[in-house]
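Undergrad: have a look at this fold, sequence not included:
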Ligand SMILES: [Zn+2]
C-alpha cells in the first residue's frame, strides 16, 4: 500500500507521514488536518491530506484548482 508523503516548503524535501492508505480512502478525507514534524528543517508543518501525495501515484491527490 502507498504511503502519504508531504513536501517541506523550505527545503522541498519529501516528508514521510507514516500514513499508509489507498487513494480512494484519502480522497474522502482531503480536508483532514495534519501536522508533521519535519526531519529536514525541524519545524512543524501544518496542512491537510490534500497537500500530500502517494508514493506509488504520479499525480497529486487533489485535482488542480480552477482559477475562475
Ligand atoms: Zn520542513
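TA: Good, I have the coordinates. Predicted, not measured: the structure shown is a model, and the values here were computed from it.
Undergrad: which residues does the residue nearest the centre of the chain contact?
TA: With distances taken as CA atoms, centre = their mean, residue 52 lies nearest the centre of the chain, 1.4 Å away. Going by CB atoms under 8 Å, 6 or more residues apart in numbering, residue 52 touches 4-6, 17, 26, 34, 61. All C-beta spots, glycine's among them, are computed from the backbone N, C-alpha and C.
Undergrad: can you rerun that using 10 Å?
TA: The contact partners of residue 52, taken as CB atoms under 10 Å, 6 or more residues apart in numbering, are 3-7, 14-15, 17, 19, 26, 30, 34, 36, 60-62.
Undergrad: now these: which count as buried?
TA: 3-7, 14-15, 17, 19, 26, 34, 36, 61-62 (16 or more other CB atoms under 10 Å).
Undergrad: from the residues you listed, which land in strands?
TA: 3-7, 14-15, 17, 19, 34, 36 (DSSP state E).
Undergrad: out of the residues you listed, which touch the ion?
TA: With the criterion set as CB under 5 Å from the ion, no member of these is near the ion.
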